[in-house]
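Undergrad: could you look at this predicted model? Sequence included:
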Amino acid sequence: MWNFAVIFHSEKAPQVIQTKLTGIMLWLSFGASLPALPAECLTVSGQDHQDPGVQFLRQGIAQDPGPGDPANSAGSMVTDTLDADRLVARSFERQKVGDYFNALTDLYAALRQYESGNDLRGMATVYNAIGTIHHYDQNYPEAGAFYARSLAIRRKLGPQEDIAVLYGNIGSLLEDIGRPDSALPFHRQNLEIRRTLGDRKWLAVCYSNLGSCMSKLGQSDSASHYLSEGLALIREIGDPRLVSITLSMLGQAYLQQDAPAKAIQACSEGLRLAKETNAMSAKEPCMKCLYQAYSRSGDYRKALTMLEGNIALRDSMFGKDNAKGLLKIEMAFAYKRRQYTDSLKRVEKDRQARFAYLRQIDDQRNQKRAVLFITLAVLGLSGALWNRLRFMRRSRNMVRQERDRSDALLLNILPMTIAEELKRDGHAMAREVEGVSILFTDFHEFTKLSERLSAQELVEGIDTCYRAFDSIAMRHGLEKIKTIGDAYMCAGGLPEPRKGSVRNTVLAALAMQEWLQQHAFASREQGKPVFRMRAGIHTGPVVAGIVGKAKFQYDVWGDTVNIAARFVSAGEVGEVNISEATYAILCTDPRFTFIPRGKIMTKGKGEMEMFFVRRQTGKAGGQEGEASLDLDTLLGQAGRAGQ
């Protein structure tokens, strides 16, 4: 999870990156016994939090926050720290561009200088900064230890602004280990301090963190409120990097609310801003959000692109080589500190350990052959078991892939609810559905066009139009039924009646006419024949179900279908011809204007009242239909489109 509280170490610092889960998973699985942290360091608003999330942070220090004691050294003189301050500032700049290896090197070099001069404030700053790097790397136990050391010093030395930074970081850490309920008091204490100080940028950060935390707690309304407040403040401040991060958090909140389309919009803008500012650490959460959103929307090609980009970005910042480098820095600093504090004792202990090791080697020499034999046997057995495991995994993967391919094909043919019923029961019952709007279209003078075009050109032209119609129908929640030559048939309100389906059907027909007009303009410029069409709509009851046993399809029957076919025949090129039943439902809708045509003779039905419907001047094409779709429709249609 992305959190804002660790964006800044002090006033400026890099953004959060996440990688391995080893430390936190071990803690969650085995409940590790951790050293106690002084109670005052983890008390917020006078209450001592004893739940597992807060207790996780109590591993930081046992009795001493670090090499110096704030109570005894608050008035000590700080000497020769100018170079240390520059190293810290340079480390922050390096973290902004993802250079965590060199940033950590600078921080440990600065820490040695601060410790040498007993500069407790500088030590607190470096402890916090090192903790955030471990936080980025998801080494949560180490991050908690360094945060605790920094907080212990800042509790005694202040100021409140620095204490607020630690509240934000600890809140973020608790969120990342899956304890948003424990994180919430820290975020609120941080917000209280920031309101007192009146810093607009930090207020925006606190609002965004609270929104993220509320989203994890399932409080969607509160999450939207705080994230919107934070985003508005950051946009006013004009920091595109922070806007990018806030948008990624907003996208995650939309995903929690099952709104992938909104998540794609927010995270796409965030990714664009991150690329413009070259903020590598801001790209990762945006790419992760887009990967999840595109996957839920069924756009697996874009989801794969985001996943590959995210992996490449993470490898560039926390890949295997960088991880080894960070570990070497930690080990080198730990070794130098031990050598500085207890070098003679360590050397003697190492000498004794080496002597004991050599003696053990001599005693075990006669056992080597037996150990070697056992080792080879274990390796052989492990290899056989591993090969068996790989074979079983491949087999399961092949079965799963075939099942997924079958499901994808089924969803491309049938509505989701019908497909689920067919898989569950082996058959799907025909249903009578009320209030279904049937939309028919056919191309004007199609026979003449077929005589002028080659078979390949004709099929390509029809395919281009029908692909566009499919997209428009899906966007407006319509169910495509079939195509018959130059006739295209779809329906609104299937497989279940839905509010607004009549309006969406008319909007889809208008959008098809508008698209065809634009396509005709482009075709004329290229010297190609122009496709023009008529459209007819009628609303009424139908019977819907699956036809046939071999090459089955989802189809509809009834007088409503026949009347809709008559209306397209009685229509005119470029117009949408609707029935009196459809007009009666939409006559008060301000989106449309209607042109009465009077009663017109139709084949087999006699005279019928007809109306041309047009979009009210100034209305943007297609937006009304999209806005009226319910979430189940979007998910169902997007699932079939992605197959």
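TA: Right, received. Where do you want to start?

Undergrad: ranges for the helices of the stretch 501-643 of the chain?
TA: 501-525, 559-569, 580-586, 623-627, 631-641 (DSSP state H, counting those that start in this stretch).

Undergrad: minimum distance to Ala110: which of these has it?
TA: Closest to Ala110 of the helices of the stretch 501-643 of the chain, according to Cβ to Cβ: helix 631-641, at 51.0 Å. Glycine gets a C-beta too; all of them are placed from N, C-alpha and C.

Undergrad: that closest one - what's its average pLDDT?
TA: In this model, helix 631-641 carries a mean pLDDT of 44.

Undergrad: which one, of the helices of the stretch 501-643 of the chain, ends up nearest to Leu358?
TA: helix 631-641 (66.9 Å).

Undergrad: make JSON lines from the helices of the stretch 501-643 of the chain and add distance to Ala103 and mean neighbour count to it.
TA: Output for the helices of the stretch 501-643 of the chain, formatted as JSON lines (distance: least, Cβ to Cβ, whole Å; neighbours: other Cβ atoms under 10 Å):
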{"stretch": "helix 501-525", "distance to Ala103": "52", "mean neighbour count": "20"}
{"stretch": "helix 559-569", "distance to Ala103": "67", "mean neighbour count": "21"}
{"stretch": "helix 580-586", "distance to Ala103": "62", "mean neighbour count": "18"}
{"stretch": "helix 623-627", "distance to Ala103": "45", "mean neighbour count": "16"}
{"stretch": "helix 631-641", "distance to Ala103": "41", "mean neighbour count": "18"}
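
Undergrad: a markdown table for these, including distance to Gly545?
TA: Below are the helices of the stretch 501-643 of the chain laid out as a markdown table (distance: least, Cβ to Cβ, whole Å):
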| stretch | distance to Gly545 |
| --- | --- |
| helix 501-525 | 19 |
| helix 559-569 | 13 |
| helix 580-586 | 23 |
| helix 623-627 | 26 |
| helix 631-641 | 18 |
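
Undergrad: leaving out chain neighbours, which residue sits closest to Thr617?
TA: Of all residues not flanking Thr617 in the chain, Thr593 sits nearest, at 8.0 Å (Cβ to Cβ, 6 or more residues apart in numbering).

Undergrad: check contacts around that neighbour.
TA: 613-617 (Cβ atoms under 8 Å, 6 or more residues apart in numbering).

Undergrad: go on, Gly536?
TA: Here Gly536 is in contact with 439-441, 564-571, 576-578 (Cβ under 8 Å, 6+ apart).

Undergrad: same deal with Ile546?
TA: 414, 418, 422, 427-428, 430, 552-555.

Undergrad: please identify the residue most distant from the middle of the protein.
TA: Asn366 (59.4 Å; Cα atoms, centre = their mean).

Undergrad: where does the longest helix that the chain contains sit relative to the chain's centre, distance-wise?
TA: Of all segments of type helix in the chain, defined using DSSP state H, the longest is helix 368-413. Its chain's average C-alpha position is 31 Å from that of helix 368-413, according to Cα atoms, centre = their mean, to the nearest Å.

Undergrad: the contacts of Ile546 into TSV, with extra columns for distance to Leu111 and neighbour count?
TA: Converted to TSV, the contacts of Ile546 look like this (distance: Cβ to Cβ, whole Å; neighbours: other Cβ atoms under 10 Å):
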residue	distance to Leu111	neighbour count
Leu414	64	22
Ile418	65	22
Leu422	66	17
His427	72	9
Ala428	69	22
Ala430	75	12
Phe552	71	14
Gln553	71	11
Tyr554	68	22
Asp555	74	17
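
Undergrad: just those: which has the poorest pLDDT?
TA: Least confident entry in those, by pLDDT: His427, with 61.

Undergrad: domain map for the protein?
TA: Segmentation of the chain into domains, based on automatic domain parsing, reads 14-198, 199-319, 356-413, 429-641.

Undergrad: all strands for the chain, in order.
TA: 43-44, 47-48, 431-443, 479-484, 487-492, 533-547, 553-557, 576-579, 592-602, 606-615 (DSSP state E).

Undergrad: point out the most buried one among those.
TA: Across those, averaging neighbours per residue (mean count of other Cβ atoms under 10 Å) puts strand 576-579 on top, at a mean of 28.

Undergrad: check which helices and strands it sits against.
TA: When contacts are defined as 3 or more Cβ pairs under 8 Å, 6 or more residues apart in numbering; DSSP states H and E, strand 576-579 packs onto helix 501-525, strand 533-547, helix 559-569, strand 606-615.

Undergrad: give me the contacts around it.
TA: So strand 576-579 is contacted by 506, 509-510, 513, 534-539, 563-564, 567-568, 570-571, 586, 594, 597, 608-614 (Cβ under 8 Å, 6+ apart).

Undergrad: could I get that strand in PDB with only the CA atoms?
TA: What follows is strand 576-579 as a C-alpha-only set of coordinates in PDB (Å, rounded to 0.1, in the frame of the first residue of the first chain):
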ATOM      1  CA  VAL A 576     -32.800   6.900 -35.900                       C
ATOM      2  CA  ASN A 577     -36.400   5.800 -36.300                       C
ATOM      3  CA  ILE A 578     -38.200   4.900 -33.000                       C
ATOM      4  CA  SER A 579     -41.600   3.500 -32.200                       C
END
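
Undergrad: same question for it, mean pLDDT?
TA: Averaging pLDDT along strand 576-579 yields 95.

Undergrad: so, low pLDDT: which residues of this protein?
TA: Along the chain, the model assigns pLDDT under 70 to residues 1-82, 316-345, 347, 406-413, 419, 422-423, 425-427, 550-551, 618-643.

Undergrad: gap between the spatially most central residue of it and Ser295?
TA: In the chain, the residue lying closest to the centroid (Cα atoms, centre = their mean) is Cys289, at 2.0 Å. Remark: distance between Cys289 and Ser295 (Cβ to Cβ, to the nearest Å) = 11 Å.

Undergrad: list the residues that contact both of these two?
TA: Here Cys289 and Ser295 have no joint contacts, going by Cβ under 8 Å, 6+ apart.

Undergrad: what distance do you get for Thr305 to Glu269?
TA: For Thr305 relative to Glu269 (Cβ to Cβ), the value is 17 Å.

Undergrad: what number of residues lie near Arg452?
TA: 10 (other Cβ atoms under 10 Å).

Undergrad: list the contacts of it.
TA: Pro529.

Undergrad: now swap in Leu271 and tell me
TA: 244, 283, 286-287, 290.

Undergrad: buried among the residues you listed? Need that as a selection in PyMOL.
TA: Buried members of the contacts of Leu271, defined by 16 or more other Cβ atoms under 10 Å, are picked up in PyMOL with:
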select buried, resi 244+283+286+287+290
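
Undergrad: and which of the contacts of Leu271 is nearest Pro185?
TA: Ser244 (28.0 Å).

Undergrad: distance of that closest one from Pro260?
TA: Ser244 is 19 Å from Pro260, by Cβ to Cβ.

Undergrad: what's the answer for Glu402, then?
TA: Taken as Cβ to Cβ, the span from Glu402 to Pro260 is 27 Å.

Undergrad: compare these two (neighbour count), which wins?
TA: Legend: neighbour count by other Cβ under 10 Å for Glu402 and Pro260, higher for Pro260 (25 against 10).
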